[in-house]
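Engineer: Sequence and predicted structure are below.
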Amino acid sequence: MTTHTADSSNYDFRIAKVPQQQHATGTSRNVPLLRQEYPRYEYFRENLEPGFFNWTDTPTIGQIPQVATTYGYIDGMYPIINEHQLAFGESTCGAKLWAKPATQGGKALFDITELARVALERTRTAREAIQLMGDLAVQYGYYGAVWEGDSVLSEAGETLTVTDTKEGWVFHILPDDSGASAVWVAQRVPDTHIVAIGNQFIIHHVNLTDSDNFLGSSNLYDVAKRNNFWDGQSDFDFTVAYAEPFDADTSKITGRILTVHDIMRIQRDHYENTPFDLTQGPASGPYGNPARYGNPSHLASYDS
């Protein structure tokens, strides 16, 4: 099982059902520029009110070859699950390298949302999805959620939790140092473990010879050595090499097997009855609202 949260006041949180589709031989799949704000896609002018906003079609920044059949899936601000029960969770992460997308002064074609959508369209298992996303990012380039301003490094990387009916994996990705490819790694979560990702890479020791538990790009070590992120002699730690040092464990063993209802209960929690209770204090308003909103001087606020 996997789940995730995405906090924003202006993102497009609508859920859409994308049906299974058949495609003619030789056709291409468009790759749009990342947009998560409402509306995340703009295509049909007849559905838009021109008096409200000067709508423009969602720009396509490149294409890849299409496949004969694409699977049906549930889409959202981030893609969710396909007809084969392949599912994703997501967490944006800081990284030491960043890139710009094609048409925006850069060379990279894919962000994390389009990588995940292609994976849901074309794969059935977590391993297949990870390998496809990694291969596409290496071939066509990867860019993060932000490519302008002071926060490019804080959102340059991404993590996906990738699950199917039998396995769960953690997938990390960031641009390489050319701006036209990517570096990625994935680690299998043991069956009795749980993972929590709070906008930080968490994979540390990597052993690509252990294909049962690790997958990764062939440039994983070379890019780190070339940029002096790793000396080539000490034990390789992915998180230390490609992000700010973070010492949290990759996963923790659970006291028992968790159920869907356990995960739902966790997602409903707002730290009630703890010192961090978001339903208490002046910031919660008269009705105990746990939501917190930023302002021009503070991007986020969690205190009372």
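Structural biologist: Looks like it came in fine.
Engineer: show me where the stretch 1-150 of the chain has strands.
Structural biologist: Using DSSP state E, counting those that start in this stretch, the strands found in the stretch 1-150 of the chain span residues 16-18, 21-22, 28-32, 60-65, 69-70, 73-75, 81-82, 87-93.
Engineer: Report the separation between the residue nearest to Gln139 when sequence neighbours are not counted and Ser218.
Structural biologist: Closest residue in space to Gln139, ignoring its immediate chain neighbours: Ser181 at 7.6 Å, by CB to CB, 6 or more residues apart in numbering. For the C-beta atoms, the positions are set from N, CA and C on the backbone; glycine is no exception. Separation of Ser181 from Ser218 (CB to CB, to the nearest Å): 11 Å.
Engineer: Those two - which one has more neighbours?
Structural biologist: Ser181 (20 against 10; other CB atoms under 10 Å).
Engineer: so the more buried one touches Ala137, yeah?
Structural biologist: Yes: with contact defined as CB atoms under 8 Å, Ser181 and Ala137 form a contacting pair (7.3 Å).
Engineer: related to what we said a few turns ago, for Val146, which of the strands of the stretch 1-150 of the chain is the nearest?
Structural biologist: strand 87-93 (8.9 Å; CB to CB).
Engineer: by contact count, what packs against that closest one?
Structural biologist: helix 112-122, strand 157-163 (3 or more CB pairs under 8 Å, 6 or more residues apart in numbering; DSSP states H and E).
Engineer: Now do stretch 186-199: distance from first to last residue.
Structural biologist: Using CA to CA, to the nearest Å, the end-to-end distance of stretch 186-199 comes out at 16 Å.
Engineer: which outside residues touch that stretch?
Structural biologist: 89, 91-94, 130, 134, 159, 161-162, 167-172, 202-203, 206, 212-216, 250-254, 257-258 (CB atoms under 8 Å, 6 or more residues apart in numbering).
Engineer: sorry, back to before: state the distance from the residue nearest to Gln139 to Gly157.
Structural biologist: Distance, Ser181 to Gly157, using CB to CB: 14 Å.
Engineer: And Gly134, by the same measure?
Structural biologist: For Gly134 relative to Gly157 (CB to CB), the value is 14 Å.
Engineer: just for the stretch 1-150 of the chain, where's the confidence low?
Structural biologist: 42-56 (pLDDT under 70).
Engineer: which of the contacts of stretch 186-199 are buried?
Structural biologist: 89, 91-94, 130, 134, 159, 161-162, 168-172, 202-203, 206, 214-216, 250-251 (16 or more other CB atoms under 10 Å).
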